[in-house]
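A.B. asks: my questions concern the predicted model and sequence given below.
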Amino acid sequence: MDLAFTPEEQQFREEVRAWVRANLPTDIAHKVHNALELTRDDMQRWAKILGKKGWLGFGWPKQFGGPGWNAVQKHLFEEECALAGAPRIVPFGPVMVAPVIMAFGNAEQHQRFLPGIASGEVWWSQGYSEPGSGSDLASVKTRAERQGNQYIVNGQKTWTTLGQYGDWIFCLVRTSNEGKPQTGISFLLIDMKSPGVTVRPIIMLDGGHEVNEVFFDNVEVPAENLIGEENKGWTYAKHLLSHERTNIADVNRSKRELERLKRIAKREGVWDDTRFRDEIAKLEVDVIALEMMVMRVLAAEKSGKQSLDVAGLLKIRGSEIQQRYSELMMLAAGPFALPLIREAMEAGWQGDFPGGEVGNAPLSSTYFNLRKTTIYGGSNEVQRGIVSQVVLG
Amino acid sequence: MDLAFTPEEQQFREEVRAWVRANLPTDIAHKVHNALELTRDDMQRWAKILGKKGWLGFGWPKQFGGPGWNAVQKHLFEEECALAGAPRIVPFGPVMVAPVIMAFGNAEQHQRFLPGIASGEVWWSQGYSEPGSGSDLASVKTRAERQGNQYIVNGQKTWTTLGQYGDWIFCLVRTSNEGKPQTGISFLLIDMKSPGVTVRPIIMLDGGHEVNEVFFDNVEVPAENLIGEENKGWTYAKHLLSHERTNIADVNRSKRELERLKRIAKREGVWDDTRFRDEIAKLEVDVIALEMMVMRVLAAEKSGKQSLDVAGLLKIRGSEIQQRYSELMMLAAGPFALPLIREAMEAGWQGDFPGGEVGNAPLSSTYFNLRKTTIYGGSNEVQRGIVSQVVLG
Amino acid sequence: MDFDFSDDQVQLGDAVRKWVDKGYTFERRRAIEKAGGFDRAAFNELAELGLTGLYVPEDDGGLGMGPIEGMVVMEELGRGIVMEPLAQSLIAGAVIAGYGDAATKATWLPGVASGEKLVVLAYQERAARYRLDVCEAKATQAPGGYVLNATKSVVPVGDHADAFIVPAKVNSQLALFLVERESAGVTTRGYGTQDGGRAAEVVLKNAPATLLTTDGLTALEHAVDIGIATVCAEAVGVMDKTMAITAEYMNTRKQFGVTIGSFQALRHRAADMKMQLELARSMSYYASLKLNAPAPERRAALARAKVQLGQSMRFIGQQAVQLHGGIGVTDEYIVSHYFKRLTQMEMTFGDSLHHLGEVSARMQDTAGAFA
Amino acid sequence: MDFDFSDDQVQLGDAVRKWVDKGYTFERRRAIEKAGGFDRAAFNELAELGLTGLYVPEDDGGLGMGPIEGMVVMEELGRGIVMEPLAQSLIAGAVIAGYGDAATKATWLPGVASGEKLVVLAYQERAARYRLDVCEAKATQAPGGYVLNATKSVVPVGDHADAFIVPAKVNSQLALFLVERESAGVTTRGYGTQDGGRAAEVVLKNAPATLLTTDGLTALEHAVDIGIATVCAEAVGVMDKTMAITAEYMNTRKQFGVTIGSFQALRHRAADMKMQLELARSMSYYASLKLNAPAPERRAALARAKVQLGQSMRFIGQQAVQLHGGIGVTDEYIVSHYFKRLTQMEMTFGDSLHHLGEVSARMQDTAGAFA
């Protein structure tokens, strides 16, 4: 047992750190460190820089052009990106659909789709949730009817994150009503520029446009865009959901944000107030405990000796911590977290924020926005059910 | 709306206070104020003093010899008793079985049983719970078979509080297996000196002997001891459970114990420690909020204008507060709450308690003991279910 | 001891509720929010109901009512998350009536009562956070009165108000002043707030001011305590409606083939919310009933109430969103607006941690509301 | 980075577990508790397994092992809520080896390792609560060494131990001493403890003592940090078994015709317990892995660990009892003994609130275990 990373791991970290610091545009890092609004261009600029280096698909095996990193290396890469203030990699292409294409797609599909994902050129969206489906993903209603060598797709997806920027969307569609709900689902890739695809924004409680509804009205999709076999999509979807969850706890980002919380507390004069400081101290303990739990998972993956069934715990705790740091940031600013000045959340605003600290501008919005973390990705209630299975059977 | 008690209520309180202070033996009050062990004699001595004054049955209507007080008066009486350090009235006779005898017993039963309860001469026990019944009280298995003019009782009751002192016990017994479980239950009064009644102690986690198992082995019970009609006992039991629940929150005692917590915190040097003091402050807010909720219930009962369906909330909150003050008392003493010296919990012990403060002797035991409060009287989980009915139907 | 509302109080509440239900629909509220967060017409409708004069003595054109009436009204406004700051009129009415001299009362109270004069408390400063005794604003005597130099932050509807009640130091003594917004030397910078309402930065540069009282800290503490009581009452209304919205959703929304209101874990959560609501309601009563108590008793009581209310608001707001799932975090659906209002109210007139400090510092040997 | 146990560590754990399962049954534990809370025979069995010499260097007759082995052992002992204070032998071994001179080591370590000498830390004083720098005990130089005057409280098995490690002040400097129980001037007053174990008041009146180190605070902090790590590890074992007992009960006990483990609200509670267990286990690893770090880093880490462990112990202990219902609060059933042990351990070497204060005071800008 050893808490220290191996010299090789440490060297890997140094290399990644040096490269990230050298290549991450400072204007983007500034936005991330201050929770300012990221544009499509910001996100894609960084994706393409990573793509060029071959690190956008940081979890990909070498045979598909990825770096072939192990679990610890992937973690170190994500940590260095997070601490440096890199935008989160938009996961729908490189992290979510790519592994499905690799595992279940054919060679033609590999060649057709993977390069655009790896380079960051093609923006992918996710089409899983539907109105009313909530945590019950198998209740897919969007229909795809086979007509000759194409599918005709009708229906609606929702909660499609950043779908307003999407070039392609991967969808669960219903191709059969026979058997259990899970058995009639297929996994289909759809060009979002196809006639009949409409994207409608859903405005979030913080006023942001982050998710969308996507409507399909007699959309023609070539049959060659079907992944694997018809009616086996649920298997592929589950593969996707179980894949690449090491970062489910998002602990790297929480570490960065805990440091930001401390900066805010100092600025707002509550760092030396025992009462407030104790709340930060509690959170610090929570973050470290979460980090240790993540380390245990990584080490177990690396050695292959133990198996740790704690994904549900990582999701629950990680999301609770995200909500808590954002809450404490808002409470630290107190009255000065109450003004809602949208322009002040954009980089370079020259206005005079109430109280004089423009850094307070996004705090409430972030707090509001992160309420989603205990809801999405399988609500924490669903996760508790999963954990209880581990305990009680 | 008025927070102040009326002049009449205030005068009533003064009278009760004066009488209690004049008549409560100081050795008993000393024990209560310091959580020292009360003997059977202590409890019965106080009961008889109250009985002589006519206040042991403080909730009884005038027609049965009670004082005929309204809800507010009853509350004030209980508060004055609690704050003065009176032992809690053992409820099984005057508070629990008496109202059932009054409501469903016949005139002969009134004359036979009520005087002994009112005077404190006869000690009653409760025979509701059975092994395995838990929160499912209707699953009564103890059988009473009618043979001529008597019942033959066989079975077992458990969790019988202070049953080791009991003269009589009121029991739910099964007289029929037909219909729903609730329909075949009868309400029977049993002389505990009858042949075939055996009381076996259950030792609690704090080492105390507070509850018992009571076994019935072919116990002959005269049929005249049946309350009301055969097979209608469940109705009477429900009456009992719904009756006299204003003190379910036990807020008077919590007020007294909050003051004791403050004394302990001062003695142990944590009163001026912001961190610990804040915990007391939180509890103080909790106690006041609970007291206000109790006041709302009392006022509603008094005026009859509103109906407040918050019994479940009072039970949940009241028990949580009891557990919390006992926890904070223990934590205040810290290392000095760890020695377990039973004699030091008895009045008059002349030994040298570790650290020199014998007041710390019972703190951990009380904390352990009060874990029961969220379990008994309908566990807090059952109460949450009841409350959710109010919210969601 | 009596917790019933009088017939008059019930009627008052009914009248406000009727206006909220018909006059302040979610659509109207959304339009007001889009337009900047304050609608003088809506405020005038409150005035027409007599509410702006609730705490103004009858002789000065008001209704001369007390804290319980204020509580009844605020709770109903809370139910509709009304953004127009009636609480400010209650504070202004009570403070001017309680601390002003005859001339000041005659000048201001009729307008406050009629709603013609919207007077708001402008007390927050950058360095003070929630403390009332920290004040950098300075007042100096000038011909005909005083002039003030101050920067006051997050002043409710500061760019629409007709006048401000402003604490400022005369030498080292805190005093309270009245400043008209249209006066020379007054500039305001308005903006929307997180709950959809409106506030402003108010900067005074040698702005002419009328002295309200030299006993400024006493008056300011009283003003803030009135404010806390209104927040408590309003919060009960917001939470009560939030619970109702959530319960209805739970009994409608289906997952895995059944309503989510049938899941035991969620039912228990609803029970926990109900607990917080009833504790909050009890402490809101307590706050209003203690509002006329002597200052030390009043201050302690209001701090306790705000601790409970803050805790309840946070729990109920967060859980209401959580129980709604995805739709709970959208702007479109009503519950997020209740959540945001609750969040902002927890930080209004001192947050839970601040008031826990107040309770802790004032804690004495005795225990209980009726100790 | 590696969180696997070596084969030797696994074997060590297995050996201890086997002894606990067969050698330290609940019945034997109950008998020991009734007889006063300490059984030298049971302690000797631990010694026979080599455990008392775990931290004693091989040259001095021990196994010369490190914190991870200590953790493995303590976790297994926790599973059986073993009362005999092996942790004290680990502390004594490490502290004497780390701070004693050659003569002291030669005199004491072989006995500590073999179990013949049960040496315990006697540091708690009435006025100190959990603080280590508050010490009223006084040492004065005397022919052939020192004499001590002190009252030390709640010393583990103080009336059975062979010697004590005692902090005392020489002038104003904290130093650490070794005092034999049989020496003149030493009196002990033993009693049972809440968890079924044993402790004593130790009074020293001009008792002869051997100086262990003049750098007393450094050594005492180190000793207590070793103690915290053992408590953390042991607690994981106690909690792990508590969870298992509770899960089994939930899957057996029926209410309203079904097992209580089928109620969603209780299932979610079990999930929350599992969360606390895994967080606690993670922080126990952290504690042991940081035990050899430089003092400031070590102190901060151990305080953080104790905050997490304290919170986990309280939650799991309380919920285990609650989920058992009535039987959970009886002496007869095993779970209450686990609960009481957890309660006592939260208060051992500083409780959660104390260590939160430590974390808060030491908090720096950076964040995370790998910051």
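C.D. replies: That came in fine, so what should we check first?
A.B. asks: how about stretch A:203-222: buried residues?
C.D. replies: A:204-206, A:208, A:210-216, A:219, A:221 (16 or more other Cβ atoms under 10 Å in any protein chain shown). (Each C-beta comes from the backbone N, C-alpha and C, glycine too.)
A.B. asks: where in chain A is pLDDT low?
C.D. replies: Along chain A, the parts satisfying pLDDT under 70 run over A:242-246.
A.B. asks: ok, which stretches of it are strands?
C.D. replies: Along chain A, counting by DSSP state E, strands occupy A:124-127, A:143-147, A:150-157, A:168-174, A:185-191, A:197-203, A:209-222, A:226-227, A:339-340.
A.B. asks: how deep is residue A:82 tucked in, by neighbour count?
C.D. replies: Neighbour count for residue A:82, taken as other Cβ atoms under 10 Å in any protein chain shown: 22.
A.B. asks: leaving out chain neighbours, which residue sits closest to residue A:133?
C.D. replies: residue A:139 (4.9 Å; Cβ to Cβ, 6 or more residues apart in numbering or on different chains).
A.B. asks: residue contacts, that neighbour?
C.D. replies: Taking Cβ atoms under 8 Å, 6 or more residues apart in numbering or on different chains as the criterion, residue A:139 is in contact with A:130, A:132, A:133, A:181.
A.B. asks: of those residues, which is the nearest to residue A:40?
C.D. replies: Ranked by distance to residue A:40 (Cβ to Cβ), the contacts of residue A:139 are led by residue A:130 at 25.2 Å.
A.B. asks: how far does the helix of greatest length in chain C sit from its chain's centre?
C.D. replies: If you go by DSSP state H, chain C has its longest helix at helix C:216-250. Chain-centre distance of helix C:216-250: 7 Å, with Cα atoms, centre = their mean, to the nearest Å.
A.B. asks: so what does whatever helix or strand comes next after that helix touch, helix or strand wise?
C.D. replies: Counting by DSSP states H and E, the element after helix C:216-250 in chain order, helix or strand, is strand C:254-255. In terms of contacts (3 or more Cβ pairs under 8 Å, 6 or more residues apart in numbering or on different chains; DSSP states H and E), strand C:254-255 is packed against no helix or strand at all.
A.B. asks: returning to what we had before: determine which two of the contacts of residue A:139 are furthest apart.
C.D. replies: Pairwise distances among those were taken by Cβ to Cβ; the largest, 13.3 Å, belongs to A:132 and A:181.
A.B. asks: which of the buried residues of stretch A:203-222 are close to chain B?
C.D. replies: By Cβ under 8 Å from any Cβ of the partner chain, no member of the buried residues of stretch A:203-222 lies near chain B.
A.B. asks: what's around residue 307, how many residues?
C.D. replies: With no chain named, the answer covers chain A. Neighbourhood size, residue A:307 [other Cβ under 10 Å]: 9.
A.B. asks: um, chain C though
C.D. replies: Count around residue C:307 with other Cβ under 10 Å applied: 29.
A.B. asks: once you drop chain neighbours, what's closest to the residue in chain A that chain B sits nearest to?
C.D. replies: For chain A and chain B, the shortest gap (Cβ to the nearest Cβ) falls at residue A:274, measuring 5.2 Å. Of all residues not flanking residue A:274 in the chain, residue B:274 sits nearest, at 5.2 Å (Cβ to Cβ, 6+ apart).
A.B. asks: from residue B:281, how far off is the one you found?
C.D. replies: Distance from residue B:274 to residue B:281, counting by Cβ to Cβ, to the nearest Å: 10 Å.
A.B. asks: neighbour count winner among those two?
C.D. replies: Per other Cβ under 10 Å, whichever of residue B:274 and residue B:281 has more neighbours is residue B:281, with 23 against 16.
A.B. asks: wait, the more buried one sits on residue C:356?
C.D. replies: Yes. Residue B:281 sits in contact with residue C:356 when judged by Cβ atoms under 8 Å, with a separation of 5.9 Å.
A.B. asks: could the strands of chain A go into JSON lines alongside distance to chain C?
C.D. replies: As requested, the strands of chain A are arranged in JSON lines below (distance: least, Cβ to the nearest Cβ, whole Å):
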{"stretch": "strand A:124-127", "distance to chain C": "14"}
{"stretch": "strand A:143-147", "distance to chain C": "20"}
{"stretch": "strand A:150-157", "distance to chain C": "13"}
{"stretch": "strand A:168-174", "distance to chain C": "17"}
{"stretch": "strand A:185-191", "distance to chain C": "17"}
{"stretch": "strand A:197-203", "distance to chain C": "4"}
{"stretch": "strand A:209-222", "distance to chain C": "8"}
{"stretch": "strand A:226-227", "distance to chain C": "26"}
{"stretch": "strand A:339-340", "distance to chain C": "5"}
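A.B. asks: contact partners for residue A:13?
C.D. replies: Taking Cβ under 8 Å, 6+ apart, we find residue A:13 in contact with A:5, A:76, A:79, A:80.
A.B. asks: measure the third one to residue A:5 for me?
C.D. replies: Right, residue A:79. Residue A:79 is 11 Å from residue A:5, by Cβ to Cβ.
A.B. asks: mutual contacts of those two, please.
C.D. replies: Listed as contacting both residue A:79 and residue A:5 by Cβ under 8 Å, 6+ apart are A:13, D:370.
A.B. asks: those two: which has the busier surroundings?
C.D. replies: It is residue A:79, of residue A:79 and residue A:5, that has more neighbours when counted by other Cβ under 10 Å, with 23 against 18.
A.B. asks: enumerate the residues of chain C near chain D.
C.D. replies: Contact residues (Cβ under 8 Å from any Cβ) of chain C with chain D: C:263, C:264, C:265, C:267, C:268.
A.B. asks: out of those residues, who's near chain B?
C.D. replies: C:264, C:267, C:268.
A.B. asks: just give me the residue closest to the centre of chain A.
C.D. replies: Closest to where the C-alpha atoms of chain A average out (Cα atoms, centre = their mean) is residue A:91, at 5.4 Å.
A.B. asks: buried ones in stretch C:296-305?
C.D. replies: Buried, per 16+ other Cβ under 10 Å, within stretch C:296-305: C:298, C:299, C:300, C:301, C:302, C:303, C:304, C:305.
A.B. asks: want to throw the residues you listed into CSV with distance to residue C:311, secondary structure and pLDDT?
C.D. replies: Converted to CSV, these look like this (distance: Cβ to Cβ, whole Å; DSSP: H, G, I helix; E, B strand; the rest coil; pLDDT from 0 to 100):
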residue, distance to residue C:311, secondary structure, pLDDT
C:298, 21, helix, 97
C:299, 19, helix, 97
C:300, 17, helix, 97
C:301, 16, helix, 97
C:302, 15, helix, 98
C:303, 13, helix, 98
C:304, 11, helix, 98
C:305, 11, helix, 98
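A.B. asks: and whichever helix in chain A runs longest, how far out from the chain's middle?
C.D. replies: Longest helix of chain A, by residue count under DSSP H: helix A:274-303. The gap between where helix A:274-303 is centred and where its chain is centred comes out at 20 Å by Cα atoms, centre = their mean.
A.B. asks: tilt between that helix and helix B:274-303?
C.D. replies: On the basis of axes from the mean of the first three to the mean of the last three Cα atoms, to 10 degrees, helix A:274-303 is oriented at 110 degrees to helix B:274-303.
A.B. asks: elements contacting helix A:274-303?
C.D. replies: Short answer (3+ Cβ pairs under 8 Å, 6+ apart): helix A:274-303 packs on helix A:71-84, helix A:251-267, helix A:311-333, helix B:274-303, helix C:352-362, helix D:264-289, helix D:295-324, helix D:352-362.
A.B. asks: how about stretch C:165-183: buried residues?
C.D. replies: In stretch C:165-183, counting by 16+ other Cβ under 10 Å, buried: C:165-170, C:174-181, C:183.
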